[in-house]
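Asks: Fold the following.
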Amino acid sequence: MSKSTTPTDLRAAFRRGGRFGETTYGAVPGFVQANIVCLPDHLAGDFQQFCLANSGPCPLLFQSGPGQVTAPPLADNSDIRTDLSAYLVTQDEGHREQVESLLGEPWEGIVTFYLGCSFSFDSALFSSGVKLRSTNVAMYKTNVQCIKSGPFDCLQVVSMRAIPLDMLSAVVNISQRMSYAHGAPISIGNGRDIGVDLNYSPNFGVKVPVHEGEVACFWSCGVTGISATSGLPLAYSHSPGCMFVCDVKEVEGWPEYPEAAVVCIRDGWYGLLSKDALERIGEVERIMTEDPGGRGIGPLILREELVKMCLDLSLRGTKVGIITGFPLFDDTPREENDGILGTVAIAEALQRNGVDVTVFLDEGAVILGKHISKFAPVVHVTEKVLECDPLRGFSHIIAIERTSPASDGRHYTMRGRDITHLVGLAGKLFSADHPTTIGIGDGGNELGMGKVKDAVEGNVSPSKIASNISADYLLTCGVSNWGGVAIATTLDILRRCPVHERFRRRGVGYPTTELGSIPMEWFMKEHMKANEAGFRDGISGEKGGGSVDGLKGMIHFDAYQRMCDQVVKVTDTFN
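Replies: Sure, this is the predicted structure:
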C-alpha cells in the first residue's frame, strides 16, 4: 500500500471509505499498530485476564471503557468504529462477516481491547537493513494452547517471516526489545515444533516462501484474540492485516530482556537463550571436559553439544529414559560407581522441569536399581521387556557411562578386558529406531561414543574398545558423572534465563517464579551415598571412599562447585 504521511492521515482516509480491506503492513513506518477486539462489557473481565495470561499473542496496550470509541493513550481524534480498513463481525457463535465500518452497530456497553501487533517492529527491521520480501505476513494456527479464561479458549496463532540467516540474531534482539509488539519469536525453524507445516497455505495472510539462506521465524500474533472470540454470540475485531495505526512510536512499561543468543540445535531448528546464559553454559562445558585423569580425551570432545542437547531437552523433553550401569566386577554390585551420581542428577533436574523420567538397568543390577529408585522409577530390562517396546512415547533416551558393543560385538574395559559376559540387555534400548539419543562417556567405549569412533580408534589404545553405537548428541567428559552434573546445572541455567523461559512457554502463561536449583551440597551428598552403597571405583577398585575413576573426592567436589557457581552467576545477572 502507499505510505501515508501520518497515522492521523491514514485513519482519516479509512474513515472516508474507498480503501476497504487495505493492509496496514508497512504503512506509516515507525508507529505502533494494534489488533482490535471489541466485546460486550460483561465479558471484559474474562478477556482482560485472557490477555494477561497470554501476553505473547495478546499484549494489552489499552482497554477502553464501555461504549468508548477513542483510545487517548494511543491516538488523538480516533474512532474505533471507522478508523480501520476492514472489520470482522462475529455473530451466531462463529459466523463472521467482513465489513468496512462499525458505525451501524449498537455500541453501548462495548469494550475495546487494543493489542500489540508485530507490524510495529517491521519498520525497525527495515531500518536495520533487514529486507522482507512480502507486502504481508503468513499467519498460521499452531498446536500451542493458550491459557483459558472464561469462554476464551483457543490455540495460538503466529505470524511468519522469512529472515536472512546472517540477520537472525539482530532480528531476534530488535523484536525482543518490543514486548508490546509480541516480543521475540516463539519458534525458529521449520515450525513443526509448534504444529505448523510450511508446505500448506497459511490460515490468514499470504504464503511466504523461505529461500536458501533464510530461516522461518514465528512470532505470536494478535489474530489469536480473534480466534478466542469464535464461540461468542457477538464480537467485533479487526480483519487480519488491517490494523489500528496509533500516533505513538513505542509503549512504555513492558519487560526488558537481556541480549538474546540464537543457537542452531540441529537440522535447521533453533533455540533462544540469553547471551550471558550461553557464556555460563560454555564455562560449564569447559569444566566438564577437564581431564584430571590424563586420558587424553581432547580429540573426542564435540564442542557446544552441551547447550544443544539441553535446549533440545528443555524444549521437547516430555518423557526421558536413562540407561546406566557399567559392570566391571564378578561379585555384586557389579557396576562401577561412575555414572550413578550423573544419572540421579539428570533425573532430578528433568523432573524439576516437569519431565517424566524412567531409568533402565540390566536385569541383574538389583543393588543399583534399589539405589536409583529413590529418585526415579526403575525398569530392569529383560527379553520380555524388549518385546513390549518400552520406549514408546519417550522423547529422549540418555545413556550415561553405559558399556557399548565394539565393532566385533564384544564389550571391553578401557584396558581391553572383555566383559561381555557381565553385560545385560539394557543397552539394546539405545538405537536410532527410538527417540532422540544422548550419549555420555569419558573413554570411548560407552554408548554414543560411536559418534567419534574414528577419533577413538586413532587416539585410544587398545583401539578395539571403540564404541560402535552413535548418538544424536554426545558429551565426552573428564568423568561421566561430570556430564550428568553438567546437564543438571545447564538445565537450571536455562530455567532461570528469562529469554529461554519465555521461548520455552511460547509466550503463553506467566513467567516462572520458582527458581530453585540443585545445590552443591546435594551433588556432594549423592556422590558419597553411591560410594557408601558399596559401588567401587572402576580404576582402583576402592569401595566406600569418595574416589571415582581413580580421582579423590575433592577433585570431583571442586568440579561440581565450579559448575554450580555458573548457575548462581547467571541468576545474579538477571535479578
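Asks: how distant is stretch 97-106 from the center of its chain?
Replies: When distances are taken as CA atoms, centre = their mean, to the nearest Å, stretch 97-106 is centred 41 Å away from the chain's centroid.
Asks: Quick check: end-to-end length of it?
Replies: 16 Å (CA to CA, to the nearest Å).
Asks: So which bits of that stretch are buried?
Replies: 100, 101, 102 (16 or more other CB atoms under 10 Å). Any C-beta I mention is one placed from the backbone N, CA and C, and that applies to glycine too.
Asks: which ones are touching the residue lying closest to the first one once chain neighbours are set aside?
Replies: Yep, that's residue 100 we're talking about. Of all residues not flanking residue 100 in the chain, residue 20 sits nearest, at 4.7 Å (CB to CB, 6 or more residues apart in numbering). By CB atoms under 8 Å, 6 or more residues apart in numbering, the contact set of residue 20 is 85, 86, 100.
Asks: List just the nearest of the residues you listed to residue 400.
Replies: residue 86 (57.6 Å; CB to CB).
Asks: surely that closest one meets residue 243?
Replies: No - taking CB atoms under 8 Å as the definition, residue 86 is not a contact partner of residue 243, at 10.2 Å.
Asks: Which one's more surrounded, these two?
Replies: residue 243 (25 against 19; other CB atoms under 10 Å).
Asks: Spatially, which residue comes closest to that one, not counting chain neighbours?
Replies: residue 33 (4.0 Å).
Asks: which parts of stretch 14-34 are buried?
Replies: For stretch 14-34, burial by neighbour count (16+ other CB under 10 Å) applies to 14-15, 19, 22-28, 31-34.
Asks: Sort out which of those are in strands and list them.
Replies: In strands, defined here by DSSP state E, the members of these are 33, 34.
Asks: Can you read off the pLDDT for residue 23?
Replies: Per-residue confidence for residue 23 comes out at a pLDDT of 89.
Asks: What helix or strand is residue 323 located in?
Replies: strand 319-325 (DSSP states H and E).
Asks: How about residues contacting whichever helix or strand comes after that strand?
Replies: Per DSSP H and E, the first helix or strand lying C-terminal to strand 319-325 is helix 340-352. Around helix 340-352, the neighbours that count as contacts under CB under 8 Å, 6+ apart are 313, 317, 320, 322, 324, 357, 359, 368, 371-372, 375-376, 398, 400-401, 440, 480-485, 487-489, 491-492, 495, 516, 518, 522-523, 526-527, 530, 535.
Asks: Hey, what's the angle from helix 340-352 to strand 319-325? Just curious.
Replies: Angular relation of helix 340-352 and strand 319-325 on a 0 to 180 degree scale: 170 degrees, by axes from the mean of the first three to the mean of the last three CA atoms, to 10 degrees.
Asks: any weak-confidence spans in the stretch 101-250 of the chain?
Replies: 133-136 (pLDDT under 70).
Asks: which of the residues in stretch 558-571 are buried?
Replies: Buried-residue list, stretch 558-571, by 16+ other CB under 10 Å: 559, 560, 562, 563, 564, 565, 566, 567, 568, 570, 571.
Asks: Whatever helix or strand residue 530 lives in packs against which elements?
Replies: If you go by DSSP H and E, residue 530 is part of helix 520-532. Helices and strands touching helix 520-532, by 3 or more CB pairs under 8 Å, 6 or more residues apart in numbering; DSSP states H and E, are helix 340-352, helix 553-574.
Asks: and the strand holding residue 323, what does it pack onto?
Replies: Using 3+ CB pairs under 8 Å, 6+ apart: strand 319-325 touches helix 340-352, strand 356-362, helix 366-372, strand 396-402.
Asks: try 6 Å this time
Replies: Judged by 3 or more CB pairs under 6 Å, 6 or more residues apart in numbering; DSSP states H and E, strand 319-325 is in contact with helix 340-352, strand 356-362, strand 396-402.
Asks: Make a markdown table out of these and add mean pLDDT and distance to residue 476.
Replies: A markdown table is the format used below for those (pLDDT from 0 to 100; distance: least, CB to CB, whole Å):
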| stretch | mean pLDDT | distance to residue 476 |
| --- | --- | --- |
| helix 340-352 | 97 | 13 |
| strand 356-362 | 98 | 22 |
| strand 396-402 | 98 | 12 |
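Asks: Go through these and pick out the most buried.
Replies: strand 396-402 (a mean of 30; mean count of other CB atoms under 10 Å).
Asks: packing partners for that one?
Replies: strand 319-325, strand 436-441, helix 480-496.
Asks: Tell me which of those lies nearest to residue 75.
Replies: Short answer: helix 480-496, nearest of the helices and strands packed on strand 396-402 by CB to CB, at 39.1 Å.
Asks: Identify whichever of the helices and strands packed on strand 396-402 lies nearest to residue 146.
Replies: Per CB to CB, nearest to residue 146 of the helices and strands packed on strand 396-402: helix 480-496, 22.2 Å.
Asks: Quick check: residue 485 vs residue 196, distance?
Replies: Residue 485 sits 36 Å away from residue 196, going by CB to CB, to the nearest Å.
Asks: what about those two, which has more around it?
Replies: residue 485 (29 against 24).
Asks: List the residues that contact that one.
Replies: Contacts of residue 485 were listed using CB atoms under 6 Å, 6 or more residues apart in numbering, and they are 345, 523, 560, 563.
Asks: let's go with 7 Å and repeat that
Replies: Counting by CB atoms under 7 Å, 6 or more residues apart in numbering, residue 485 makes contact with 342, 345, 523, 560, 563.
Asks: Pick out whichever of those sits closest to residue 288.
Replies: residue 563 (7.1 Å).
Asks: Show me which of the buried residues of stretch 558-571 is closest to residue 175.
Replies: Using CB to CB, these come closest to residue 175 at residue 570, 22.7 Å.
Asks: Now do the contacts for that closest one.
Replies: Per CB under 7 Å, 6+ apart, neighbours of residue 570: 276, 277, 280, 493, 496, 497.
Asks: Can you check the pLDDT for it?
Replies: Confidence score, pLDDT, at residue 570: 83.
Asks: So for it, what's the nearest residue that isn't a sequence neighbour?
Replies: Residue 570's closest residue in space is residue 280 (CB to CB, 6+ apart), at 4.6 Å.
Asks: Okay, and that neighbour sits in which element?
Replies: helix 275-288.
Asks: surely residue 476 meets residue 299?
Replies: No - in this structure residue 476 lies outside contact range of residue 299 using CB atoms under 7 Å: 9.2 Å.
Asks: Among these two, which residue is more densely surrounded?
Replies: residue 476 (30 against 14).
Asks: ok, so what distance separates that one from residue 152?
Replies: Counting by CB to CB, the gap from residue 476 to residue 152 is 50 Å.
Asks: go on, residue 315?
Replies: In this view, residue 315 and residue 152 are 26 Å apart by CB to CB.
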